[in-house]
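Enquirer: build me a structure from this.
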Amino acid sequence: MDLISVANLPSSAPSSVHTSETTGKNASTGSLAAKFARSFACRQSKAIELYEHLDYSPENSRAARLRKCRKVAWFSRHKVTGEVRLCFDCCKLRWCVHCGSARISWMTFAASSWLHTLDRPKFVTLTLRHSNSNLTWQIMNLYRFFRALRKRPDWKLYVQGGIWFFQIKKSDPSGQWHTHIHCLLDAYYYPQYELREAWRKVTGGSFIVDIRPIHNPKKASNDAARYAACPADLSELDIDEALDVYHALHGRQLCGTFGTAKGVPLKPPKDEHPELWEIIGGRSLVNGLRDTDDNAKAILYAYHTNTPLAEGVNISCVENFLDNFNSRYPVFGDYDYGTNQSHPKKPAQPETPKLFSSSSLPRRTSPHLH
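Expert: Residues are numbered from 1 along each chain as shown. Have a look, this model is predicted:
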């Protein structure tokens, strides 16, 4: 049975292509930061609702893990190199927005590093025409067609390798699923009409493709990475549609490499020696003491500048004191010593020279995911 007959797609189904970010709604009011915060909260809330429908046992609740994701953070120091990292207690669930953001950062770094080594990077989008077929069937066909395209002689003539990412969206006019693949390619000049004809032959009628040169590797990598980290915007779907997407993508690979990009790591490497990392202070407490405690200042400076931290610098003695104090006087147990600013202010004191202020801390430039 050939690929065209397997697809069983109606010839009248429309098709469209999206070469830029297609997930997320644009609010009409408010600042950009406020819009992002609302979208972030809405997507996280929808993910929690999704896992609540999927969980069968409260003892192993994914929704509970999702609610606690990245609520606790601490700084750790490498005992040998002195490197300082910010670590989180994360859920590692596919539809968690927090963990998805971390995956985006790593994929962007890995993909853009690879793109910078190329002389002729390209961005390609391949789209299947819309249909009323089962979503799982559509995704399976899209992956099969993409593999067949990469085996064609004309594709191999132009393309040396690449990184691909999957995305799905609900089409507004028809309400049909819109599945497509985005690729970052190491390729020679590939005429669009030739790519369109090759894709039409492989799919049996889908001809909407887009290919363009990449001028900004970091932006192109970030746009593509968002598709793999968040293949669909759950906030735009009702719960039944979200469940369909979950089951259709469960256990399915959402990105991959081939050819000259085969060695690009799309996942951060696991630390082979976790015992070499020591906790030097909680994030909330370190931030709270940054203007008064030299150890807290040194920790933040080492983290933001990516410089080694001297051995013995930590605020564990302060944390131990607070833990003992809270255990003896539980009435203060919920007090946040690092961030609560509701207590009465002390009388103004003459300013004393500071090592540096928190506002003067340089921004961290190197990617750092944990």
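Enquirer: for this structure, which segments count as helices?
Expert: Remark: helices assigned in the chain by DSSP state H are 3-7, 32-54, 62-68, 97-115, 135-151, 153-158, 192-203, 217-229, 239-249, 283-288, 294-305, 316-328.
Enquirer: rebuild these as CSV, extending it with mean neighbour count, distance to Q176 and mean pLDDT.
Expert: C-beta coordinates here come from the backbone N, C-alpha and C atoms, glycine included. Formatted as CSV, these follow (neighbours: other CB atoms under 10 Å; distance: least, CB to CB, whole Å; pLDDT from 0 to 100):
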stretch, mean neighbour count, distance to Q176, mean pLDDT
helix 3-7, 15, 15, 40
helix 32-54, 15, 21, 85
helix 62-68, 17, 29, 90
helix 97-115, 21, 25, 92
helix 135-151, 17, 9, 94
helix 153-158, 13, 28, 95
helix 192-203, 18, 16, 94
helix 217-229, 22, 19, 87
helix 239-249, 16, 12, 92
helix 283-288, 20, 45, 88
helix 294-305, 20, 47, 92
helix 316-328, 12, 55, 62
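Enquirer: quick one: which of the ones you listed is nearest I211?
Expert: Relative to I211, the nearest member of those by CB to CB is helix 192-203, separated by 5.4 Å.
Enquirer: starting at the chain centroid, how far to the closest one?
Expert: Between the centre of helix 192-203 and the centre of its chain there are 31 Å (CA atoms, centre = their mean, to the nearest Å).
Enquirer: tilt between it and helix 135-151?
Expert: 130 degrees (axes from the mean of the first three to the mean of the last three CA atoms, to 10 degrees).
Enquirer: using CSV, write out every CA atom in helix 192-203.
Expert: This file holds the C-alpha atoms of helix 192-203, laid out as CSV (Å, rounded to 0.1, in the frame of the first residue of the first chain):
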residue,chain,number,x,y,z
GLN,A,192,10.5,26.5,-3.8
TYR,A,193,8.6,25.1,-6.8
GLU,A,194,10.8,22.0,-6.7
LEU,A,195,10.2,21.5,-3.0
ARG,A,196,6.4,22.1,-3.5
GLU,A,197,6.3,19.5,-6.3
ALA,A,198,8.2,16.9,-4.2
TRP,A,199,5.9,17.4,-1.2
ARG,A,200,2.8,17.2,-3.5
LYS,A,201,4.0,13.9,-4.9
VAL,A,202,4.8,12.4,-1.5
THR,A,203,1.5,13.5,0.2
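Enquirer: tell me what that helix is packed against?
Expert: Packing partners of helix 192-203 (3 or more CB pairs under 8 Å, 6 or more residues apart in numbering; DSSP states H and E): helix 3-7, helix 135-151, helix 153-158, strand 209-213.
Enquirer: one more time with 10 Å
Expert: helix 3-7, strand 121-127, helix 135-151, helix 153-158, strand 209-213 (3 or more CB pairs under 10 Å, 6 or more residues apart in numbering; DSSP states H and E).
Enquirer: returning to that earlier point: okay if I get the helices of the chain as a markdown table plus distance to L184?
Expert: Shown next, in a markdown table, are the helices of the chain (distance: least, CB to CB, whole Å):
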| stretch | distance to L184 |
| --- | --- |
| helix 3-7 | 25 |
| helix 32-54 | 24 |
| helix 62-68 | 30 |
| helix 97-115 | 6 |
| helix 135-151 | 14 |
| helix 153-158 | 15 |
| helix 192-203 | 15 |
| helix 217-229 | 6 |
| helix 239-249 | 21 |
| helix 283-288 | 34 |
| helix 294-305 | 30 |
| helix 316-328 | 44 |
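Enquirer: all good on my end, thank you.
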